[in-house]
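Asker: Test case, fold it:
(chains A and B)
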2 protein chains.
Amino acid sequence: MPIDLRFDADEAALLTDLYELTMAASYFAIGLNGPATFSLSVRRLPPRRGYLVAAGLERLLEALEEFRFAPGAIDYLASLKLFAPEFLDYLAALRFTGEVVAMPEGTIFFEEEPILEVHAPLIEAQLIETLVINQIGLASLVASKAARSYHAGRGRRLIDFGLRRSHGADAGLVAARASYLAGFAGTSNVLAGRRYAIPLYGTMAHSYIMAHETESAAFGHFVALFPQLSTLLVDTYDTIRGVENAAKTALELRAKGFKLQAVRLDSGDLLDLSVRTRRILDHQGLNDVAIFASGNLDEYRIDELLRAGAPIDAFGVGAAMVVSADAPALDISYKLAEYDGVGRLKTSAGKLTLPGRKQVFRAVNQNGGFFSDRIGLAEETAASVAREFRPAPHSIAPLLERRFQAGRRVEPRPTLAESRERFLADFARLDLRHKDLERPERYTVRHTTALAAMLTAEKLRAEKRQG
Amino acid sequence: MPIDLRFDADEAALLTDLYELTMAASYFAIGLNGPATFSLSVRRLPPRRGYLVAAGLERLLEALEEFRFAPGAIDYLASLKLFAPEFLDYLAALRFTGEVVAMPEGTIFFEEEPILEVHAPLIEAQLIETLVINQIGLASLVASKAARSYHAGRGRRLIDFGLRRSHGADAGLVAARASYLAGFAGTSNVLAGRRYAIPLYGTMAHSYIMAHETESAAFGHFVALFPQLSTLLVDTYDTIRGVENAAKTALELRAKGFKLQAVRLDSGDLLDLSVRTRRILDHQGLNDVAIFASGNLDEYRIDELLRAGAPIDAFGVGAAMVVSADAPALDISYKLAEYDGVGRLKTSAGKLTLPGRKQVFRAVNQNGGFFSDRIGLAEETAASVAREFRPAPHSIAPLLERRFQAGRRVEPRPTLAESRERFLADFARLDLRHKDLERPERYTVRHTTALAAMLTAEKLRAEKRQG
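Answerer: Numbers count the residues shown, from 1 in each chain, chains lettered A, B, ... in the order given. Predicted coordinates for the structure are as follows:
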């Protein structure tokens, strides 16, 4: 099938930057392959974001289980005439043997917080860099964007309609999965429905109406085949006349014992049209026919419509959500934090990184609400960091969990439905003031005393590394 | 390999929206499957864009050659309990038998212009909608963005460094291919190098420097293994001291008969740092060591740096290009333009479409420069539309070519290198005033008299379709 859209078994490990391989070749040549820790975090939240949602972990871990350079990949690398035969033999036998600790999917997180750490021999940890950033970055970006629509939707049903505008085939799958994780009710993406058991939704396109001689004939034909699940698209020509035609179809359907699910508005002034549509439907006793809206929607528009009282029951959200239009890239990085037992950091202008193996501690108040986080060292515990919080929290939870060890995912592996529940629970515990769509209040994240001390010590040490 | 990143043979046809399948089921049930024409175009250019670059066609056509619902896909669709067995049998036997006319990859195009038209039985043409938009949309979006950096770069070498920030695996491949098409010199994406024979480039990451006890040791180890192609990253700690260390390494390398390729600046004030770096290198007689810059670069930043005289020889361009950060989605649509020999259009608010089978005619002046386009009907010819242009053009070229017929691509199929040449030639023929990064002048695109007449007639007919 679509050959160029497909990843063959001998290709996926090549989905990396060339420098990962040249660095690995150098490490191999000089025997620099001690235990390393790399840490993945978002340096700064995108504009207007008060929180992010971790996603993409299970797909990544599945890829790590299967990570290998197949013979075809080795042949290609040999053809580049960059690498010694011994190194290529080494690559051919390489498997990912490291450990991954990470925030489970659906966890709310903030800037600077490590969401994933890899502990592995340096070469292995380096070679997976591009894949880790690419996959976790995109999934978390889209889950975070989708959560904003979920919030703006105030319980209305939201459907991912973004496949056509997502950035390629893989992004369409990631977006369907990430938006479902972040509270959407389903997707139009059939392959995502199959892979992830996400509920599928669909209506009809304008072309369906246009291919028929009349709009009424189109409506009639559709409900004849799908009497139980029809949503009729009413804006191909004049929208109000389209609603009137849909109402007729609904009444005919009712006479046969079925119910029209909804009419769909996809253009124009959605507030005005939804009010008029509701009135027409109700006037005909069609109070049970829902109004579905779509067309360039995002969290801002959904919020605006619902604040204004638009009687819309469900939203199809497409491009703006799947490409995270107001912030299409995340400032996410995967940085060496420790090598051979010693903390590492870089001191480049504006890009200071945090050394050491770390943990994130989240303090929770009496009501279960999140009130503040501390980034600390992995050896610290909830008990030992308790004194860093004022006032004393009700409880403290470490967020990074061991998820991969000895070449396999740690069981039990959460299902997507479980991760979605986790998100919904976490999200309810995050105060409203961090969820404002325009000017969210900054959530408090600090370094523990122990991490701060290590940072100071390692900065001094870093200066000496320029000899 | 990365199982969830891979498309199996039985999956790719499912990369579609559910409604494509429910509409197809309805068409099948009522026997509505006459000849249809769908037209793909961009409704409005994104902000600050004066032109777009067509890309993604060859990948799409390859997918159409292989388009089929494999047994696993049919099983999944059956499990949804939406479709009759006869329809599923029909799908299992379905192949894409239609015709595709399209602008070749690398063609410059403008708003409203059809860049691709599909002529096929209605069901086939409908079922490929999501795939067509997803693939051509992304590739054209990224090629158009990359062309802006190519323009701003004034001949400097540009390398795609975006894989980690691209939206998933497929997008990384599309971006590498589309940016190379649009004038980039190469990519860091190894899989793209393999699939598309794009030149590969790579330097080193900060982690490479950090894993060593000293920066100098890191530099020394790297050039020892790759004496002919090293670019040293100098900003892990203090940048200027990093440049001094790199200069030492370069001199040692020169003593052994090799040349350091470049130093790479990845943070800080790139103008100031590049000037100081050039001075340090030149002072040591290292005039042949290039300066490579990266770090949040896009066309605006490149333009600003080069206008200010920054002595930068090459740029690594990442996130902003691969996600088309200032315009991450294209307002592209695939609309029914003709069914059963009769023009179709929709009249939704602000979304009027153009009926009929079409052609785009480009008028060229004496010097080969593009001066104006006409969107016309397919039956019109360069000769017949000549009178629509004032002043009379030197020549007129139709832009849509038949590229797919009878289930196969039409030969000869252009190579990526040929498409790149086409882009470079086309781009040189587009006047500078349309290339301004901030306020490009609008290129003139009009409808031919024949298309305008059809549009008027079909608008009247469309009103009757609401019965």
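
Asker: Show me where the stretch 101-250 of chain A has its strands.
Answerer: A:108-109, A:116-121, A:157-160, A:186-187, A:231-233 (DSSP state E, counting those that start in this stretch).

Asker: Equivalent analysis for the stretch 301-450 of chain A, please.
Answerer: Going by DSSP E, counting those that start in this stretch, the stretch 301-450 of chain A shows strands at A:314-317, A:332-339, A:342-343, A:358-364, A:370-377, A:395-398, A:401-405, A:408-409, A:445-447.

Asker: got the buried residues for the last one?
Answerer: Residues A:Val445, A:His447 are the ones in strand A:445-447 that count as buried (16 or more other Cβ atoms under 10 Å in any protein chain shown). The C-beta positions use only the backbone N, C-alpha and C, and glycine is treated the same way.

Asker: Check the offset of it from the chain's centre.
Answerer: 24 Å (Cα atoms, centre = their mean, to the nearest Å).

Asker: same question, the third one
Answerer: Between the mean C-alpha location of strand A:342-343 and the chain-wide mean there is a distance of 31 Å, by Cα atoms, centre = their mean.

Asker: Would you confirm that A:Ser18 contacts B:Gly193?
Answerer: Residue A:18: Leu, not Ser. Yes. Under the criterion of Cβ atoms under 8 Å, A:Leu18 makes contact with B:Gly193 at 7.5 Å.

Asker: what sits in contact with each of the two?
Answerer: Residues touching both A:Leu18 and B:Gly193 (Cβ atoms under 8 Å, 6 or more residues apart in numbering or on different chains): B:Leu200.

Asker: Report the beta-bridge partners for A:Phe292.
Answerer: A:Arg264, A:Ala314 (DSSP bridges).

Asker: Could you report the neighbour count for it?
Answerer: 26 (other Cβ atoms under 10 Å in any protein chain shown).

Asker: gap between it and A:Leu306?
Answerer: 14 Å (Cβ to Cβ, to the nearest Å).

Asker: go on, A:Ser372?
Answerer: 31 Å.

Asker: same thing with A:Val289?
Answerer: A:Val289 is 19 Å from A:Leu306, where distance means Cβ to Cβ.

Asker: who's more crowded, these two?
Answerer: Comparing A:Val289 with A:Leu306 by neighbour count (other Cβ under 10 Å), the higher total belongs to A:Val289, at 27 against 18.

Asker: rewinding a little: nearest to A:Leu60, out of the strands of the stretch 301-450 of chain A?
Answerer: Using Cβ to Cβ as the measure, strand A:401-405 is the one of those that comes nearest A:Leu60, at 9.0 Å.

Asker: what inclination does the closest one have with respect to strand A:116-121?
Answerer: In terms of direction (axes from the mean of the first three to the mean of the last three Cα atoms, to 10 degrees), strand A:401-405 departs from strand A:116-121 by 40 degrees.

Asker: what's the offset of strand A:401-405 from the middle of its chain?
Answerer: 20 Å.

Asker: how about the spatially closest residue to A:Leu352 that is not a sequence neighbour, phi and psi?
Answerer: Nearest residue to A:Leu352, sequence neighbours excluded (Cβ to Cβ, 6 or more residues apart in numbering or on different chains): A:Leu345, at 6.6 Å. For A:Leu345, the backbone dihedrals are phi -150, psi 160 (criterion: degrees, to the nearest 10).

Asker: give me the number of residues near A:Leu345?
Answerer: The tally of other residues near A:Leu345 (other Cβ under 10 Å) stands at 25.

Asker: Same check on A:Asn296?
Answerer: Neighbours of A:Asn296 under the rule other Cβ under 10 Å: 15.

Asker: which residues touch it?
Answerer: Going by Cβ under 8 Å, 6+ apart, A:Asn296 touches A:Gly318, A:Ala319, A:Ala320.

Asker: give me every residue that touches A:Pro355.
Answerer: A:Ala337, A:Glu338, A:Gly343, A:Arg344, A:Leu345, A:Met454, A:Leu455, A:Glu458.

Asker: Those residues: which two are farthest apart?
Answerer: Largest pairwise distance in the contacts of A:Pro355, by Cβ to Cβ, is 12.8 Å, between A:Glu338 and A:Leu455.

Asker: so the closest residue to A:Thr37 other than its chain neighbours bridges to which residues?
Answerer: Take A:Thr37 and drop its neighbours on the chain: the residue closest to it by Cβ to Cβ, 6+ apart is A:Glu338, 4.0 Å away. Going by DSSP bridges, A:Glu338 is paired in beta bridges with A:Thr37, A:Gly343.

Asker: how much space between A:Glu338 and B:Phe222?
Answerer: 21 Å.

Asker: hmm, back to that, JSON lines for the strands of the stretch 101-250 of chain A, including distance to A:Arg420?
Answerer: Formatted as JSON lines, the strands of the stretch 101-250 of chain A follow (distance: least, Cβ to Cβ, whole Å):
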{"stretch": "strand A:108-109", "distance to A:Arg420": "14"}
{"stretch": "strand A:116-121", "distance to A:Arg420": "20"}
{"stretch": "strand A:157-160", "distance to A:Arg420": "13"}
{"stretch": "strand A:186-187", "distance to A:Arg420": "12"}
{"stretch": "strand A:231-233", "distance to A:Arg420": "24"}
